[in-house]
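Asker: The following comprises the amino acid sequence and a computationally predicted model.
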Amino acid sequence: MLSKIATVVKKVALTGTVLGGGACAVIFYNVGTSKWSESHTWSSATRHYLTNKFMVGLGFISFRQLVKQSRNVREVQTNLLLNNIENNKPTEYGRNNGFDQIMSIDDFRRVHPLTRFPHYQPYVDKIKNGDLLVMTSDPPLQLAVTSGTSGQSSLLPTTNHIFTRFFLSGIALLFQRLNETHPEWVTLQRSMKLFYTPRWKYTEHGLRIGPNSSNPDTAQRIYHLYSTPPPAYRILSEPEALYVHLLFGLLDRNLGIIESNFASTVYTGFKTLEDRWEDLVKDIDQGSINPNLNIPMDVRQEIEAGMKPNPLRAEELRNEFLQGFDNIARRIWPELNLILCTTTGTMKMYKKSLMNKYCQDVPTYSPIYGATEGLLGVNLYPNRINPVYCLIPDAQFFEFIRKCDTDLDRPETLLLHQLEKGEAYEVVVTNGSGLYRYRMGDVVQVEEFFNEIPVVRFLHRQGQMLNVHGEKISEEIFYKSLQRAEKEWNVSLRDYTTAENVLSGTGTAPHYLVFLETEDPSSTDLNSGLLDKFLIEDHPVYQSFRVKGSIDEMQVIQVKPGTFQKLRENILATSMASNNQFKVPRVMRKEEHVQFLLSNKI
């Protein structure tokens, strides 16, 4: 009997060995025949291959789940909400807000009011003081800092639910969509990911405070996907970190993707490349890092230990840079597949600048609609020029306020299955981290449906509206008029923002201040009346107030080169926001920022 068992065990072991060996052979064959980054070793390339396969497989499961959910949105949303209410019923927040009375969506909307951040401030203060379970039955992993684009930064509790849902229904799904639409993009080419290590803060009880956006600390397990060596992520100053990102990106002729949270960061990367290419080429030629950079010595030594002189690549790059920077991305990275970053809302102008100059024939993909509150949607269509996002039914419990009702204190809300194509809505979310019926300020428009799920286009943030006399001009409308003026002025804008004149103390009748930084500062003949004329044509209410004299003609103010970069540094130095989440406010709300811009007038 024992001899028969031994024979069976040997056969099973032999079969397993053969199958295992066969699987390894397939893996090594696929790795060996794939397009590699030049910085890869066999070990790192194999890890890259296995990561791709794992993520695509996980994404396939996530996509099937999304398809299933899309056919029964009401049930998915109901279960998500009621499970959330049940789990958090014992908390202080649940007891204070009548969770024991909530048995349905109708009960929830009757019992719980619509909220904004001040509603949660007392509970967040208790979390900071060590009472971690005051809002949720699962302890928060951190207090997430909002970007503060439409006002002051806030601290929102973030539980594991937010990170898990972002990974499974966001990142994994993005891999699946890329693999299905462009399998040639899912290669063993590394990405140059432009992101920065936050300067974390902690409560006195040890809870971390910082952004929950993508950053090096949350990506340690996948460093092998990126061109930047791991020691470089210990560089905490952005200029030095960006320089090193560019240096190792340039070393990799087979770079596959340029990736960042926002198009503005990619644009800043290319501007820095244009300004500092000679230093970068010199470093590549010599196999060292510019000694003038403020990099900790231990980090510098660790990075330089993996470098060696590469005069051939340096000469190739030098020849390309000397020819100018039109379409430079394709010329220095001939195998570049795409640029992966957010290009909607305030990021539109940076995408336009990238496409007009540096990246003329490189596709862009804006993959995810997310916020500090969590994952909201995924762009299922990488081939489309204008991004739209399929809302994710198991990520948030969604409600929506009709655009015409957003000024009401207690507006009627609609559910996910009640939205109509072509209509615009303010987004209201209930998430797994303690926010209920939370008016996050985003306004979206329904473009189509994925079965029952609305597919939306991001329009603007509520707090980013010009409104000196009740006219309510959104960022989207203003930027449309600004683009028309830009064409007539025959200039290329580097950046812009606006303010209401009350913050400057200028003029008597209300009007707008428009601050512009152009690529060519010698182009100073920017006629304010032209932009005013286009806004009158594009916005009937503004037209009415201008005709009646209720609003004066706007004032266009051109600022010195580099002003917006200094503004960015100033805002980051005086707020809790991080480099990875910063977006230039398109409507300034602080007098000191307006005065700074005025002081840099050309």
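Answerer: Good, I have the coordinates. Numbering: from 1, shown residues only.
Asker: which parts of the strand of greatest length in the chain are buried?
Answerer: In the chain, ranked by residue count with DSSP state E as the criterion, the top strand is strand 438-450. By neighbour count, and taking 16 or more other C-beta atoms under 10 Å as the criterion, the buried residues in strand 438-450 are Tyr438, Arg439, Met440, Gly441, Asp442, Val443, Val444, Gln445, Val446, Phe450. Heads up, the C-betas are built off the backbone N, CA and C, glycines and all.
Asker: One more: stretch 232-243?
Answerer: With burial defined by 16+ other C-beta under 10 Å, the residues of stretch 232-243 counted as buried are Ala232, Tyr233, Ile235, Ser237, Glu238, Glu240, Ala241, Leu242, Tyr243.
Asker: Report pLDDT for the first one.
Answerer: At Ala232 the predicted local distance difference test score is 94.
Asker: pLDDT wise, what is the nearest residue to it once chain neighbours are set aside at?
Answerer: The shortest distance from Ala232 to any residue that is not its chain neighbour, by C-beta to C-beta, 6 or more residues apart in numbering, is 4.6 Å, and that residue is Val244. Reading off the confidence values, Val244 has pLDDT 97.
Asker: Just read off the phi/psi values of the spatially closest residue to Val378 that is not a sequence neighbour.
Answerer: Nearest-residue entry for Val378: Leu173, 5.1 Å, with adjacent residues in sequence omitted and distances by C-beta to C-beta, 6+ apart. Here is the backbone geometry of Leu173 (degrees, to the nearest 10): phi -70, psi -30.
Asker: ok, now which ones touch Leu173?
Answerer: Under the criterion of C-beta atoms under 8 Å, 6 or more residues apart in numbering, the contact list for Leu173 reads Gly59, Ser62, Phe63, Leu66, Val378, Leu380.
Asker: in a strand, that's where the last one is, yeah?
Answerer: What it means is Leu380. No: read with DSSP: H, G, I helix; E, B strand; the rest coil, Leu380 is coil and lies in no strand.
Asker: What's the local residue count around it?
Answerer: Applying other C-beta atoms under 10 Å, we find 21 other residues in the vicinity of Leu380.
Asker: So for it, what's the nearest residue that isn't a sequence neighbour?
Answerer: Among residues not flanking Leu380 along the chain, Cys390 sits closest, at 5.1 Å (C-beta to C-beta, 6+ apart).
Asker: Report whether the one you found is found in a strand, as I expect.
Answerer: Yes: checked against three-state DSSP, Cys390 lies within a strand.
Asker: so it bridges to which residues?
Answerer: When assigned by DSSP bridges, Cys390 has beta-bridge partners Val378, Val455.
Asker: Am I right that it is in contact with Gln69?
Answerer: No: distance between Cys390 and Gln69: 10.4 Å, which falls outside the contact criterion (C-beta atoms under 8 Å).
Asker: Need the overlap of contacts for those two.
Answerer: Taking C-beta under 8 Å, 6+ apart as the contact criterion, the common neighbours of Cys390 and Gln69 are Ile453.
Asker: Could I get the contacting residues of Lys351?
Answerer: Under the contact definition (C-beta under 8 Å, 6+ apart), the residues listed for Lys351 are Ala263, Thr343, Thr364.
Asker: from the residues you listed, which is closest to Ser37?
Answerer: When the contacts of Lys351 are compared for distance to Ser37, the smallest value, 20.7 Å, is given by Thr364; criterion: C-beta to C-beta.
Asker: Leaving out chain neighbours, which residue sits closest to the closest one?
Answerer: Computed as C-beta to C-beta, 6+ apart, the closest residue to Thr364 that is not its neighbour in sequence is Ile339, at 4.7 Å.
Asker: can you pull up the bridge partners for the one you found?
Answerer: Beta bridges link Ile339 to Ile258, Thr364, judged by DSSP bridges.
Asker: Give me the number of neighbouring residues for it.
Answerer: 23.
Asker: going forward can the numbers begin at 27, since that is how I track them
Answerer: New numbering, starting at 27: the last item is Ile365.
Asker: Now for the buried residues of stretch 258-269: which two are most distant?
Answerer: Greatest spacing in the buried residues of stretch 258-269, by C-beta to C-beta: Tyr259 and Tyr269 (13.7 Å).
Asker: ranges for the strands of the stretch 177-326 of the chain?
Answerer: Taking DSSP state E, counting those that start in this stretch to define them, one finds strands in the stretch 177-326 of the chain at 181-184, 217-219, 227-228, 234-236, 283-288.
Asker: Next, format the buried residues of stretch 258-269 as CSV and append distance to Arg356.
Answerer: As requested, the buried residues of stretch 258-269 are exported to CSV (distance: C-beta to C-beta, whole Å):
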residue, distance to Arg356
Ala258, 25
Tyr259, 28
Ile261, 28
Ser263, 30
Glu264, 26
Glu266, 27
Ala267, 25
Leu268, 21
Tyr269, 22
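Asker: Which of the residues you listed fall in helices?
Answerer: Glu264, Glu266, Ala267, Leu268, Tyr269 (DSSP state H).
Asker: ok, and what's touching stretch 328-336?
Answerer: Contact partners of stretch 328-336, identified using C-beta under 8 Å, 6+ apart, comprise Pro255, Pro257, Ala258, Val270, Leu277, Ile310, Asp311, Gln312, Gly313, Ser314, Ile315, Ile321.
Asker: and the end-to-end length of that stretch?
Answerer: Distances were taken as C-alpha to C-alpha, to the nearest Å; on that basis the terminal residues of stretch 328-336 are 18 Å apart.
Asker: which parts of that stretch are buried?
Answerer: Along stretch 328-336, the positions that meet the burial threshold by neighbour count (16+ other C-beta under 10 Å) are Ile329, Met333, Asn336.
Asker: can you check stretch 438-455 too?
Answerer: By neighbour count, with 16+ other C-beta under 10 Å as the criterion, the buried positions of stretch 438-455 are Thr439, Leu440, Leu441, Leu442, Leu445, Ala450, Tyr451, Glu452, Val453, Val454, Val455.
Asker: how about the last one, secondary structure?
Answerer: This points to Val455. Reducing the assignment at Val455 to three states with three-state DSSP gives strand.
Asker: Count the residues that sit near the residue lying closest to it once chain neighbours are set aside.
Answerer: Sequence neighbours aside, Gln422 is the residue nearest to Val455 in space, at 4.4 Å (criterion: C-beta to C-beta, 6+ apart). Residues within reach of Gln422, counting by other C-beta under 10 Å, total 29.
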